[in-house]
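# Could you look at this predicted model? Sequence included:
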Amino acid sequence: MNALLEARNVVKVFTTTREGKTQKIQAVRNVSINIHPGEIVGLVGESGCGKSTISRIMIGIEPSTSGSVIYEGKEVRTRADWKALRRHVQYVFQDPFTALCPTMRIGDALAEPLIIHRIGIPRERVDRVAHMLEMVGLHPDMARRMPSQLSGGQRQRVNLARALMLEPKILICDEIVSGLDVSVQAQVLQLLIDLQEKLDLSLMFISHDLRVVHYLSSRVLVMYLGEIVEQGPTKVVFDNPEDAYTRSLLAAIPDHSRRSAANT
Ligand SMILES: Nc1ncnc2c1ncn2[C@@H]1O[C@H](COP(=O)(O)OP(=O)(O)OP(=O)(O)O)[C@@H](O)[C@H]1O
(Lines give C-alpha, C1' and ligand atoms only; values in the text may rest on other atoms or scores of the structure.)
Protein backbone atom coordinates (compact mmCIF):
# COMPACT_ATOMS: atom_id res chain seq x y z
CA MET A 1 0.00 0.00 0.00
CA ASN A 2 1.32 3.48 -0.84
CA ALA A 3 2.10 5.82 2.03
CA LEU A 4 -0.22 8.76 2.57
CA LEU A 5 2.50 10.85 4.20
CA GLU A 6 6.20 10.18 4.08
CA ALA A 7 9.34 11.75 5.48
CA ARG A 8 12.30 10.66 3.35
CA ASN A 9 15.91 10.88 4.60
CA VAL A 10 15.18 13.93 6.71
CA VAL A 11 18.04 15.69 8.48
CA LYS A 12 17.70 18.63 10.85
CA VAL A 13 20.59 20.56 12.30
CA PHE A 14 19.82 23.46 14.63
CA THR A 15 22.46 26.14 14.93
CA THR A 16 22.51 28.06 18.20
CA THR A 17 24.78 30.79 19.46
CA ARG A 18 25.61 31.08 23.14
CA GLU A 19 28.15 33.45 24.65
CA GLY A 20 29.49 34.12 21.16
CA LYS A 21 30.00 30.41 20.41
CA THR A 22 28.12 28.67 17.63
CA GLN A 23 26.85 25.18 18.36
CA LYS A 24 25.27 22.70 15.99
CA ILE A 25 22.65 20.26 17.25
CA GLN A 26 21.89 17.21 15.11
CA ALA A 27 18.23 16.85 16.12
CA VAL A 28 17.19 14.48 13.28
CA ARG A 29 19.65 12.21 11.44
CA ASN A 30 18.47 10.73 8.16
CA VAL A 31 15.00 9.74 9.32
CA SER A 32 12.41 8.14 7.04
CA ILE A 33 8.82 7.60 8.22
CA ASN A 34 5.78 6.32 6.32
CA ILE A 35 2.18 6.74 7.42
CA HIS A 36 -0.31 4.57 5.55
CA PRO A 37 -4.06 5.18 5.18
CA GLY A 38 -6.05 4.21 8.27
CA GLU A 39 -3.12 3.11 10.45
CA ILE A 40 -1.95 4.23 13.89
CA VAL A 41 1.81 4.62 14.06
CA GLY A 42 3.48 5.17 17.41
CA LEU A 43 6.70 7.17 17.63
CA VAL A 44 8.50 6.62 20.93
CA GLY A 45 11.73 7.77 22.48
CA GLU A 46 13.03 9.75 25.41
CA SER A 47 12.77 13.51 25.73
CA GLY A 48 15.07 15.34 23.31
CA CYS A 49 15.49 12.47 20.82
CA GLY A 50 13.88 14.49 18.01
CA LYS A 51 10.25 13.26 17.95
CA SER A 52 8.68 16.72 17.87
CA THR A 53 11.22 18.04 15.37
CA ILE A 54 10.59 15.31 12.78
CA SER A 55 6.82 15.62 13.19
CA ARG A 56 6.97 19.40 12.89
CA ILE A 57 9.00 18.99 9.71
CA MET A 58 6.35 16.60 8.36
CA ILE A 59 3.71 19.33 8.51
CA GLY A 60 5.99 22.18 7.50
CA ILE A 61 6.09 24.09 10.81
CA GLU A 62 9.85 23.54 10.81
CA PRO A 63 12.03 23.44 7.66
CA SER A 64 14.36 20.48 7.29
CA THR A 65 18.09 20.85 6.62
CA SER A 66 17.82 18.17 3.93
CA GLY A 67 15.48 15.39 2.86
CA SER A 68 11.90 15.57 1.67
CA VAL A 69 8.27 15.24 2.69
CA ILE A 70 5.93 13.42 0.33
CA TYR A 71 2.16 13.59 0.51
CA GLU A 72 0.02 11.25 -1.58
CA GLY A 73 3.06 10.41 -3.71
CA LYS A 74 4.03 14.00 -4.50
CA GLU A 75 6.91 15.89 -2.94
CA VAL A 76 5.74 18.89 -0.90
CA ARG A 77 7.80 21.85 -2.10
CA THR A 78 5.93 25.07 -2.70
CA ARG A 79 4.02 27.27 -0.30
CA ALA A 80 0.78 26.16 -1.98
CA ASP A 81 1.77 22.48 -1.52
CA TRP A 82 2.32 23.04 2.21
CA LYS A 83 -0.96 24.92 2.56
CA ALA A 84 -2.81 22.02 0.94
CA LEU A 85 -0.99 19.51 3.14
CA ARG A 86 -1.86 21.38 6.33
CA ARG A 87 -5.51 21.04 5.55
CA HIS A 88 -5.21 17.26 5.39
CA VAL A 89 -2.60 16.74 8.09
CA GLN A 90 -3.41 18.27 11.45
CA TYR A 91 -1.20 18.53 14.51
CA VAL A 92 -2.53 18.22 18.05
CA PHE A 93 -0.25 19.85 20.57
CA GLN A 94 1.12 18.53 23.79
CA ASP A 95 -0.21 21.02 26.28
CA PRO A 96 -4.00 21.35 26.46
CA PHE A 97 -3.63 24.42 28.68
CA THR A 98 -1.71 26.58 26.22
CA ALA A 99 -2.99 25.27 22.87
CA LEU A 100 -6.23 27.29 23.07
CA CYS A 101 -6.31 31.09 22.96
CA PRO A 102 -7.41 32.12 26.49
CA THR A 103 -9.57 35.04 25.31
CA MET A 104 -11.47 33.15 22.62
CA ARG A 105 -14.71 31.27 23.26
CA ILE A 106 -14.56 27.57 22.44
CA GLY A 107 -17.07 27.98 19.60
CA ASP A 108 -14.98 30.72 17.98
CA ALA A 109 -11.77 28.69 18.38
CA LEU A 110 -13.43 25.76 16.64
CA ALA A 111 -14.89 27.88 13.84
CA GLU A 112 -11.57 29.62 13.17
CA PRO A 113 -10.09 26.97 10.81
CA LEU A 114 -13.30 27.11 8.72
CA ILE A 115 -13.08 30.90 8.51
CA ILE A 116 -9.38 30.82 7.56
CA HIS A 117 -10.12 28.32 4.79
CA ARG A 118 -13.35 30.17 3.81
CA ILE A 119 -15.52 27.12 4.36
CA GLY A 120 -19.30 27.47 4.87
CA ILE A 121 -21.53 30.35 5.90
CA PRO A 122 -21.88 31.38 9.58
CA ARG A 123 -24.97 29.17 10.24
CA GLU A 124 -23.24 26.11 8.79
CA ARG A 125 -20.13 26.81 10.86
CA VAL A 126 -22.20 26.96 14.07
CA ASP A 127 -23.77 23.60 13.17
CA ARG A 128 -20.40 22.06 12.41
CA VAL A 129 -18.97 23.32 15.71
CA ALA A 130 -21.89 21.70 17.58
CA HIS A 131 -21.45 18.47 15.64
CA MET A 132 -17.73 18.29 16.34
CA LEU A 133 -18.23 18.99 20.06
CA GLU A 134 -20.64 16.05 20.19
CA MET A 135 -18.21 13.93 18.20
CA VAL A 136 -15.56 14.38 20.92
CA GLY A 137 -18.06 13.70 23.71
CA LEU A 138 -18.80 17.28 24.77
CA HIS A 139 -22.14 19.10 24.99
CA PRO A 140 -22.72 21.67 22.19
CA ASP A 141 -23.30 24.33 24.89
CA MET A 142 -19.59 24.10 25.55
CA ALA A 143 -19.18 26.43 22.54
CA ARG A 144 -20.14 29.40 24.76
CA ARG A 145 -17.47 28.69 27.38
CA MET A 146 -13.97 30.13 27.74
CA PRO A 147 -10.93 27.76 27.92
CA SER A 148 -10.37 28.67 31.59
CA GLN A 149 -13.77 27.12 32.42
CA LEU A 150 -12.70 23.70 31.11
CA SER A 151 -10.76 20.84 32.71
CA GLY A 152 -7.56 19.50 31.10
CA GLY A 153 -9.40 16.53 29.59
CA GLN A 154 -12.14 18.77 28.18
CA ARG A 155 -9.53 21.08 26.66
CA GLN A 156 -7.76 18.20 25.00
CA ARG A 157 -11.13 17.06 23.57
CA VAL A 158 -11.64 20.60 22.22
CA ASN A 159 -8.14 20.51 20.68
CA LEU A 160 -9.03 17.25 18.96
CA ALA A 161 -12.32 18.74 17.73
CA ARG A 162 -10.42 21.76 16.38
CA ALA A 163 -7.95 19.52 14.56
CA LEU A 164 -10.86 17.63 13.00
CA MET A 165 -12.79 20.69 11.77
CA LEU A 166 -11.22 20.54 8.30
CA GLU A 167 -11.84 16.79 7.94
CA PRO A 168 -8.14 15.86 7.84
CA LYS A 169 -6.83 12.48 6.71
CA ILE A 170 -3.99 12.39 9.24
CA LEU A 171 -3.66 13.54 12.83
CA ILE A 172 -0.22 13.93 14.39
CA CYS A 173 -0.71 13.79 18.15
CA ASP A 174 2.32 15.02 20.08
CA GLU A 175 2.27 13.75 23.70
CA ILE A 176 -1.40 14.69 23.91
CA VAL A 177 -2.17 12.76 27.08
CA SER A 178 1.03 13.30 29.04
CA GLY A 179 -0.31 16.33 30.92
CA LEU A 180 -3.52 14.55 32.01
CA ASP A 181 -4.48 12.39 35.00
CA VAL A 182 -4.25 8.65 34.33
CA SER A 183 -8.04 8.09 34.30
CA VAL A 184 -8.53 11.04 31.93
CA GLN A 185 -5.68 9.75 29.75
CA ALA A 186 -7.57 6.47 29.26
CA GLN A 187 -10.74 8.33 28.23
CA VAL A 188 -8.90 10.52 25.71
CA LEU A 189 -7.07 7.48 24.25
CA GLN A 190 -10.36 5.61 23.86
CA LEU A 191 -11.85 8.68 22.17
CA LEU A 192 -8.91 8.73 19.78
CA ILE A 193 -9.46 5.07 18.88
CA ASP A 194 -13.20 5.70 18.31
CA LEU A 195 -12.50 8.75 16.13
CA GLN A 196 -9.84 6.91 14.14
CA GLU A 197 -12.32 4.15 13.32
CA LYS A 198 -15.31 6.41 12.70
CA LEU A 199 -13.45 8.87 10.47
CA ASP A 200 -10.97 6.40 8.94
CA LEU A 201 -8.08 8.59 10.06
CA SER A 202 -4.39 7.83 10.01
CA LEU A 203 -2.64 8.72 13.25
CA MET A 204 0.93 9.32 14.23
CA PHE A 205 0.99 9.15 17.98
CA ILE A 206 4.11 10.56 19.61
CA SER A 207 4.88 9.60 23.18
CA HIS A 208 7.68 8.81 25.58
CA ASP A 209 5.26 6.40 27.30
CA LEU A 210 5.56 2.93 25.79
CA ARG A 211 2.44 1.64 27.50
CA VAL A 212 0.33 4.26 25.74
CA VAL A 213 1.92 3.43 22.38
CA HIS A 214 1.42 -0.29 22.98
CA TYR A 215 -2.27 0.29 23.74
CA LEU A 216 -2.89 2.40 20.67
CA SER A 217 -0.55 1.63 17.79
CA SER A 218 -0.40 -1.15 15.26
CA ARG A 219 3.14 -0.17 14.25
CA VAL A 220 5.86 1.41 16.32
CA LEU A 221 8.99 3.43 15.53
CA VAL A 222 11.65 3.81 18.21
CA MET A 223 13.75 6.95 18.04
CA TYR A 224 17.06 7.51 19.82
CA LEU A 225 19.44 10.49 19.48
CA GLY A 226 17.79 11.67 16.27
CA GLU A 227 17.60 8.26 14.56
CA ILE A 228 14.98 5.56 14.11
CA VAL A 229 16.76 2.62 15.74
CA GLU A 230 13.96 0.06 15.41
CA GLN A 231 10.54 -0.25 13.80
CA GLY A 232 7.93 -2.88 13.13
CA PRO A 233 4.50 -4.19 14.15
CA THR A 234 3.95 -3.19 17.79
CA LYS A 235 3.55 -6.76 19.01
CA VAL A 236 6.75 -7.91 17.31
CA VAL A 237 8.83 -5.01 18.65
CA PHE A 238 7.42 -5.36 22.17
CA ASP A 239 7.75 -9.13 22.33
CA ASN A 240 11.09 -9.40 20.60
CA PRO A 241 13.02 -6.13 20.60
CA GLU A 242 16.21 -6.26 18.55
CA ASP A 243 17.81 -2.96 19.44
CA ALA A 244 19.54 -2.46 22.79
CA TYR A 245 17.87 0.92 23.32
CA THR A 246 14.40 -0.53 22.69
CA ARG A 247 15.20 -3.29 25.19
CA SER A 248 16.22 -0.73 27.81
CA LEU A 249 13.00 1.25 27.24
CA LEU A 250 10.93 -1.90 27.63
CA ALA A 251 12.84 -2.99 30.71
CA ALA A 252 11.86 0.30 32.34
CA ILE A 253 8.16 -0.70 32.23
CA PRO A 254 7.61 -2.64 35.48
CA ASP A 255 4.88 -5.00 34.17
CA HIS A 256 6.73 -5.64 30.94
CA SER A 257 10.03 -6.61 32.57
CA ARG A 258 8.16 -8.98 34.94
CA ARG A 259 6.37 -10.55 31.99
CA SER A 260 9.61 -10.90 29.99
CA ALA A 261 11.39 -12.45 32.98
CA ALA A 262 8.52 -14.92 33.36
CA ASN A 263 8.89 -15.88 29.71
CA THR A 264 12.61 -16.64 29.95
N1 LIG B 1 14.44 25.56 17.95
C2 LIG B 1 15.45 24.83 18.41
N3 LIG B 1 16.68 25.36 18.49
C4 LIG B 1 17.73 24.63 18.94
N5 LIG B 1 17.64 23.34 19.34
C6 LIG B 1 16.43 22.76 19.27
C7 LIG B 1 15.27 23.47 18.82
N8 LIG B 1 14.20 22.63 18.88
C9 LIG B 1 14.68 21.46 19.34
N10 LIG B 1 16.00 21.54 19.58
C11 LIG B 1 16.87 20.45 20.07
O12 LIG B 1 16.71 19.34 19.19
C13 LIG B 1 16.71 18.13 19.91
C14 LIG B 1 15.41 17.36 19.66
O15 LIG B 1 14.32 18.08 20.25
P16 LIG B 1 12.79 17.61 20.13
O17 LIG B 1 11.95 18.63 20.82
O18 LIG B 1 12.49 17.29 18.72
O19 LIG B 1 12.81 16.26 20.98
P20 LIG B 1 11.58 15.42 21.55
O21 LIG B 1 11.96 14.00 21.43
O22 LIG B 1 10.32 15.84 20.88
O23 LIG B 1 11.58 15.86 23.07
P24 LIG B 1 10.31 16.20 24.00
O25 LIG B 1 9.56 14.92 24.17
O26 LIG B 1 10.96 16.70 25.26
O27 LIG B 1 9.54 17.28 23.27
C28 LIG B 1 16.92 18.49 21.37
O29 LIG B 1 18.29 18.41 21.66
C30 LIG B 1 16.46 19.93 21.44
O31 LIG B 1 17.11 20.62 22.47
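Right, received. Where do you want to start?
# Tell me the bridge partners for C173.
Applying DSSP bridges to C173 gives these bridge partners: V92, F205.
# and it, how many neighbours?
Close neighbours of C173, defined as other Cβ atoms under 10 Å, add up to 28. All C-beta atoms are positioned from the backbone trio N, CA, C, and that covers glycine.
# Quick check: it touching L203?
Yes - using Cβ atoms under 8 Å, C173 makes contact with L203 at a distance of 6.4 Å.
# what do the two both touch?
Here C173 and L203 have L192 as joint contacts, going by Cβ atoms under 8 Å, 6 or more residues apart in numbering.
# Give me the secondary structure label for G232.
On the three-state scheme (DSSP: H, G, I helix; E, B strand; the rest coil), G232 is labelled strand.
# how about the residue sitting nearest the centre point of the chain, what does it touch?
For the chain, C173 is the residue whose C-alpha lies nearest the centre (Cα atoms, centre = their mean; 1.8 Å). Counting by Cβ under 8 Å, 6+ apart, C173 touches V92, L192, L203, M204, F205, I206.
# do A99 as well
Contacts for A99 (Cβ under 8 Å, 6+ apart) come out as V92, F93, R155, N159.
# Next, format those as TSV and append pLDDT.
As requested, those are exported to TSV (pLDDT from 0 to 100):
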residue	pLDDT
V92	91
F93	82
R155	91
N159	92
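# and those residues, which are buried?
Neighbour counting with 16 or more other Cβ atoms under 10 Å marks V92, F93, R155, N159 as buried within those.
# which one of those sits closest to the ligand?
When the buried ones among the contacts of A99 are ranked by distance to the ligand (Cβ to the nearest ligand atom), F93 comes first, at 10.8 Å.
# pretty sure the closest one is touching L160, no?
No - here F93 does not reach L160: they are 10.8 Å apart, not a contact under Cβ under 8 Å.
# Find residues that contact each of these two.
I176.
# What parts of this structure come near the ligand?
Selection of the chain residues close to the ligand by Cβ under 6 Å from any ligand atom yields 14, 16, 25, 27, 45, 47-53, 208.
# Let me have these in a markdown table, extended by pLDDT, distance to A84 and neighbour count.
Putting the residues of the chain next to the ligand into a markdown table (pLDDT from 0 to 100; distance: Cβ to Cβ, whole Å; neighbours: other Cβ atoms under 10 Å) gives the following:
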| residue | pLDDT | distance to A84 | neighbour count |
| --- | --- | --- | --- |
| F14 | 96 | 27 | 13 |
| T16 | 91 | 32 | 9 |
| I25 | 94 | 31 | 14 |
| A27 | 96 | 26 | 22 |
| G45 | 92 | 30 | 24 |
| S47 | 89 | 32 | 8 |
| G48 | 92 | 32 | 13 |
| C49 | 94 | 30 | 23 |
| G50 | 95 | 26 | 24 |
| K51 | 94 | 25 | 24 |
| S52 | 93 | 23 | 21 |
| T53 | 96 | 23 | 21 |
| H208 | 87 | 31 | 17 |
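# For the residues you listed, work out which two are farthest apart.
Using Cβ to Cβ, the pair of those lying farthest apart is T16 and H208, separated by 23.2 Å.
# count of neighbours near R56?
Residues lying near R56 (other Cβ under 10 Å) number 18.
# and the gap between it and R79?
With distances taken as Cβ to Cβ, to the nearest Å, R56 is found 17 Å from R79.
# where along the stretch 1-150 of the chain do the helices fall?
51-58, 79-88, 106-116, 122-135 (DSSP state H, counting those that start in this stretch).
# mind checking which of those helices is nearest Y245?
Minimum separation from Y245 across these (Cβ to Cβ) falls at helix 51-58, 13.8 Å.
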